[in-house]
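Visitor: sequence plus the predicted model coming up.
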Protein chains: 2
Amino acid sequence: MRDVSIIGIGQTKVGEHWDKSLKELATEAILAAIKDAGTDRVDSLYIGNMLSGELTGQEHLGALISDFSGLRGVEAVKIEAACGSGAAALRMGYVAVAGELSDFVVVAGVEKMTDRSGDQVTASLAMAADGDFEAQNGLSFVALNALLMRRYMYEYGVKHEEFAPFAINAHRNAMNNPYAMFPFPVTAEDFKKAKMIADPVNLLDSSPVCDGSAAVVLCPTDIARRFSEHPVHIRASAIATDSIALHDRHDLLGLEGAALSATKAYSQAGLGPQDIDLFEVHDAFTIMSVLSLEACGFAERGRGTWLGLDGDIGIGGRIPITTMGGLKARGHPVGATGLYQIVEVVEQLRGQAGKNQVQDARLGMAQNIGGSGATVITTILEAMD
Amino acid sequence: MRDVSIIGIGQTKVGEHWDKSLKELATEAILAAIKDAGTDRVDSLYIGNMLSGELTGQEHLGALISDFSGLRGVEAVKIEAACGSGAAALRMGYVAVAGELSDFVVVAGVEKMTDRSGDQVTASLAMAADGDFEAQNGLSFVALNALLMRRYMYEYGVKHEEFAPFAINAHRNAMNNPYAMFPFPVTAEDFKKAKMIADPVNLLDSSPVCDGSAAVVLCPTDIARRFSEHPVHIRASAIATDSIALHDRHDLLGLEGAALSATKAYSQAGLGPQDIDLFEVHDAFTIMSVLSLEACGFAERGRGTWLGLDGDIGIGGRIPITTMGGLKARGHPVGATGLYQIVEVVEQLRGQAGKNQVQDARLGMAQNIGGSGATVITTILEAMD
């Protein structure tokens, strides 16, 4: 096994790209990443995507996108792990380079969701849930998160308004991200008045349906400096799973998949939460941020909302999260999200995050979650001196 | 990098499993493979599947199946590469073990196709084609293969009846495979009279729509004997891609993805086609067998049908193919097929193929193809003394 670094990053703006196809979005991100990497050597291409079949009638993205982006011939496959598909694809790329099976790997996440009706998208996203026990009974992803949020509020005596800082922080950070879908502020008052989606989850608890693609180029750390002035080292990459269906969880609010995934990642890196300078959390819903922060050791059980209330999650705070807008305000093109998170951590560790720069950021973590916690991928990145 | 071996195999019968769900089929194969492996240590689970979203409304198979088969917590993802999904998943498992990222990996392919109408299945399978240029214009997979077959017949002056030996051979071999969907013989006369599907492709040129799952357990070769009396060594595992759309190919009948994939595999193994004792070819259509055999060096260009006419492809022939019935007669549950091929090669190399045993088989090859040649995975296996 050898060390792996990221030498190139690329991304499209997140939004409603009605003028671009799925393969065009992916190619835009891939070519940007390759250009940024300073080399066009590519041995393998791993695509993270969840819904291309359901929403665009296209599978077989590995071959399709490798050809369209000028990489015909390379090893190429699609990796699917619901909303965790992006970071799961990164994990596969990491494994290939770490294990010396490939030298240069491009990993891209892509999703195209806005060409379909909201009903179609909601039904398709429910394919990340347990079809026999959840989707079959009409539970959408908002509804699943509503069950978690309601239970959390009940168990810990937390009020809905206490989740507001997560949305406010994400929107504030998105204002300085040219790739963000919602680069405008929201206030506590906005949060309070936001339209209810599935009680208690309201519109500002929720990330948007959107299109986008993000990509990275990986290579062995020992040659990374030949191509990049500021390579970023992957200190850890870990996937863990849990039951998909909420009723089957051993500990409903424990998010055990996230805890296991983070524990594996910390162990690989020889680090703990106290060492992490920023955390790209999977804030598909505000409750998911809170559960993830607790599962990863950034807050005690039942105390996650206090990180927001105490100002710990802002750029200058104890553990800055969603530093470029997160799923909430940068946007959540599901299969691409895991790669957006990685690209943003790399920007921070390179010192290229502009007004949102976390000072002296050396270690950044990203956690990408499939379903309501059933597949969890934790990645820890480190700046290279 | 270290050597990787297969220590366990499992499979379900291929057919119309209206009484079993997708996760039940996969679990049946996985538990059989784990039992056969003699160890229940599992670090990772890779699922090969193409159509679970489209046909059963379920994505996120990694978490779903890991939990249902008793492996909750392990790293688990779904790999998609159209009809090549199964062997693509095997490749990911191989990479993880070879690269020392995992020690024990279960790889399972699964597909559930028969719960839907033929029209739905045909439309879903067309998602393996190029949506913008092929599927959009109504080209089904049978039609794409018809274009290839018609061109082949024109270029080389080959008659349709000359493809018959491939179907006859597959059905003959399926008769001794208890897992085969069509364990009955067909004759040259049957082939001649078979219903036309997309001229010149008739019913007996074509593999069936069906359900099934097959699985293997991988571990490092140096400890394989602790668990298995007859481990099988993976000598090579290679993926290559080509343009999806036929009109974009550099050489329409050259099947360049297959040629590149086989070349990479031969190079990894230090072997050539003359060393291979049996070949599980991707006979989704008879024309695909012929093109694959030629691309892999078993016949000159334009001479592939002669392997059938000369009796070379039978169990006692020069290069036995589809030794347990192939896609044609064992069946082609698309995302599972690549693993069925591997399981069958392992049976041959263990000497467990019964009446279909290829004498003194030491080296077996399998080639799994996504689309009409756009993703091609070639695996070479060797018996361990």
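Guide: Looks like it arrived, so ask away.
Visitor: residue A:364 bridge partners, please.
Guide: residue A:278, residue A:381 (DSSP bridges).
Visitor: show me what residue of the stretch 201-350 of chain A gets nearest to chain B.
Guide: residue A:239 (4.0 Å; C-beta to the nearest C-beta). Just so you know, the C-beta spots here come from the backbone N, C-alpha and C atoms, and that holds for glycine as well.
Visitor: what's opposite that residue in the beta bridge?
Guide: Beta-bridge partners of residue A:239, as defined by DSSP bridges: residue A:377.
Visitor: let me see the contact set for it.
Guide: A:81, A:84, A:88, A:91, A:261, A:375-377, B:44, B:75-77 (C-beta atoms under 8 Å, 6 or more residues apart in numbering or on different chains).
Visitor: for residue A:145, same thing?
Guide: Counted by C-beta under 8 Å, 6+ apart, residue A:145 has contacts A:198, A:201, A:205-206, A:284-285, A:287-288, A:372.
Visitor: one more time with 6 Å, if that's ok
Guide: Taking C-beta atoms under 6 Å, 6 or more residues apart in numbering or on different chains, we find residue A:145 in contact with A:201, A:285, A:287.
Visitor: so the closest residue to the last one other than its chain neighbours is in which element?
Guide: Just to be clear, that refers to residue A:287. Using C-beta to C-beta, 6 or more residues apart in numbering or on different chains and skipping residues adjacent in sequence, the residue nearest residue A:287 is residue A:149, 3.9 Å away. Residue A:149 belongs to helix A:141-156 when assigned by DSSP states H and E.
Visitor: so how far is that helix from its chain's centroid?
Guide: 21 Å (C-alpha atoms, centre = their mean, to the nearest Å).
Visitor: would you mark the buried spots in it?
Guide: Neighbour counts over helix A:141-156 (16 or more other C-beta atoms under 10 Å in any protein chain shown) mark A:141-150, A:152-153 as buried.
Visitor: repeat for stretch A:123-135
Guide: A:124-131, A:134-135.
Visitor: OK, now which residue of chain A is nearest to chain B?
Guide: Of all residues in chain A, the one sitting closest to chain B is residue A:99 (1.3 Å; C-beta to the nearest C-beta).
Visitor: now do the contacts for the spatially closest residue to that residue that is not a sequence neighbour.
Guide: Nearest-residue entry for residue A:99: residue B:99, 1.3 Å, with adjacent residues in sequence omitted and distances by C-beta to C-beta, 6+ apart. If you count contacts by C-beta under 6 Å, 6+ apart, residue B:99 has them with A:95, A:98-99, A:101.
Visitor: please report the distance of residue B:99 from residue B:48.
Guide: Distance, residue B:99 to residue B:48, using C-beta to C-beta, to the nearest Å: 19 Å.
Visitor: for residue A:151, same thing?
Guide: 36 Å.
Visitor: and the angle from the helix or strand where residue A:346 lies to helix A:141-156?
Guide: Assessed by DSSP H and E, residue A:346 sits inside helix A:334-350. Interaxial angle of helix A:334-350 relative to helix A:141-156 (axes from the mean of the first three to the mean of the last three C-alpha atoms, to 10 degrees): 60 degrees.
Visitor: show me what the helix or strand harbouring residue A:30 is packed up against.
Guide: Following DSSP H and E, one finds residue A:30 within helix A:22-37. Applying 3 or more C-beta pairs under 6 Å, 6 or more residues apart in numbering or on different chains; DSSP states H and E, one finds that helix A:22-37 makes contact with strand A:4-11, helix A:61-68, strand A:105-111, strand A:212-220.
Visitor: what is the subsequent helix or strand relative to the third one?
Guide: Proceeding C-terminally, strand A:105-111 gives way to helix A:118-125 as the next helix or strand, assigned by DSSP H and E.
Visitor: hmm, that next one in reach of chain B?
Guide: No. Residues of helix A:118-125 contacting chain B under C-beta under 6 Å from any C-beta of the partner chain: none, with a closest distance of 7.6 Å.
Visitor: and the angle from that helix to helix A:141-156?
Guide: Using the same axes, to 10 degrees: helix A:118-125 against helix A:141-156 is 70 degrees.
Visitor: mind saving the C-alpha coords of helix A:118-125 as CSV?
Guide: Output of helix A:118-125 as CSV, limited to C-alpha atoms (Å, rounded to 0.1, in the frame of the first residue of the first chain):
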residue,chain,number,x,y,z
GLY,A,118,-40.6,16.9,-8.3
ASP,A,119,-42.8,13.8,-7.9
GLN,A,120,-40.5,11.7,-10.1
VAL,A,121,-37.4,12.9,-8.2
THR,A,122,-39.0,12.2,-4.8
ALA,A,123,-39.9,8.7,-5.9
SER,A,124,-36.5,8.1,-7.4
LEU,A,125,-34.7,9.3,-4.3
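Visitor: off-centre distance for it?
Guide: 20 Å.
Visitor: residues contacting residue A:282?
Guide: So residue A:282 contacts A:288, A:292, A:367-369 (C-beta under 6 Å, 6+ apart).
Visitor: who wins for neighbours among those?
Guide: residue A:368 (36 neighbours; other C-beta atoms under 10 Å in any protein chain shown).
Visitor: give me phi/psi at it?
Guide: Main-chain torsions, residue A:368, degrees, to the nearest 10: phi -110, psi 130.
Visitor: next one: residue A:130
Guide: The phi/psi pair for residue A:130 (degrees, to the nearest 10) is phi -80, psi 110.
Visitor: the residue nearest to it when sequence neighbours are not counted: what's it in contact with?
Guide: Spatial nearest neighbour of residue A:130, excluding adjacent residues (C-beta to C-beta, 6+ apart): residue A:245 at 3.9 Å. Counting by C-beta under 6 Å, 6+ apart, residue A:245 makes contact with A:130, A:133-134.
Visitor: let's have the residues you listed in JSON lines, adding pLDDT and distance to residue B:210.
Guide: Formatted as JSON lines, those follow (pLDDT from 0 to 100; distance: C-beta to C-beta, whole Å):
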{"residue": "A:130", "pLDDT": "95", "distance to residue B:210": "25"}
{"residue": "A:133", "pLDDT": "94", "distance to residue B:210": "27"}
{"residue": "A:134", "pLDDT": "94", "distance to residue B:210": "28"}
